[in-house]
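S.K.: can you look at this prediction? I've put the sequence above it.
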Amino acid sequence: MAKIFALILFVFMLGSSYCMDSVAGGVGIVAASVGLAHLLCRNEKHDSIGLKIGPNFFIYLARLAKEIILSTISVCKAIFLQKKVELQPILAEIPTRQVGDEAKVLFGNSIILTPGTITVDILENSVVVHAISAECLRGVTNLDSKIRESQR
């Protein structure tokens, strides 16, 4: 019930007006979304990644935000100072200790969120990453341990 209430609050934050029509519409959209999710996912495993919303999860989010900012600065330097910064694309295989497929995908998506990097392939015990420079690749290697700490 608390998740539904949080979803309603989120819909209201996105709204531009708070008249009775928009309030009723927001509640209707949330009710329809919850009902549809219940119908589609009633036989699914819930929380299959095993992330706990606790201090370690917020540490992971902070680390991800830091890496996104640092990588953005690196990419901006490469774009605006092309004569001073030489781009040397790199294709690297980063080892991962993630157990489930969902956790590996979360790790791959975390890499994609950092500018200048893209996940090319997810293998059994590693992730293949393309980066525009070694500097962009340096920060994403520690995200694996932060995701692992956020799991149960």
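M.R.: Sure, I can see it.

S.K.: if I look at the most far-flung residue of the chain relative to its centre, how far off is Gly26?
M.R.: Distance from the centre of the chain peaks at Met20, with 34.8 Å (C-alpha atoms, centre = their mean). According to C-beta to C-beta, to the nearest Å, Met20 and Gly26 sit 11 Å apart. For glycine as for every other residue, the C-beta is placed from the backbone atoms N, C-alpha and C.

S.K.: repeat that for Ser133.
M.R.: 45 Å.

S.K.: cool, and Lys66?
M.R.: Distance check for Lys66 against Gly26: by C-beta to C-beta, it reads 34 Å.

S.K.: looking at those two, which is more packed in?
M.R.: Set side by side, Lys66 and Gly26 show more neighbours around Gly26, with 19 against 12, by other C-beta atoms under 10 Å.

S.K.: give me the pLDDT for that one.
M.R.: For Gly26, the pLDDT comes out at 74.

S.K.: show me what the helix or strand where it lies is packed against.
M.R.: Gly26 is part of helix 20-41, with elements assigned from DSSP states H and E. The helices and strands touching helix 20-41, judged by 3 or more C-beta pairs under 8 Å, 6 or more residues apart in numbering; DSSP states H and E, are helix 2-14.

S.K.: sketch out the low-pLDDT regions of this structure for me.
M.R.: 1-5, 7-9, 11-12, 15-17, 41-53, 82-86, 151-152 (pLDDT under 70).

S.K.: per-domain residue ranges of it.
M.R.: With domains defined by automatic domain parsing, the chain comprises 2-41, 55-150.

S.K.: winner for burial among those domains?
M.R.: domain 55-150 (a mean of 16; mean count of other C-beta atoms under 10 Å).

S.K.: quick check: Thr141 touching Thr96?
M.R.: No: taking contacts as C-beta atoms under 8 Å, Thr141 lies outside contact range of Thr96: 9.9 Å.

S.K.: nothing else from me, thank you.
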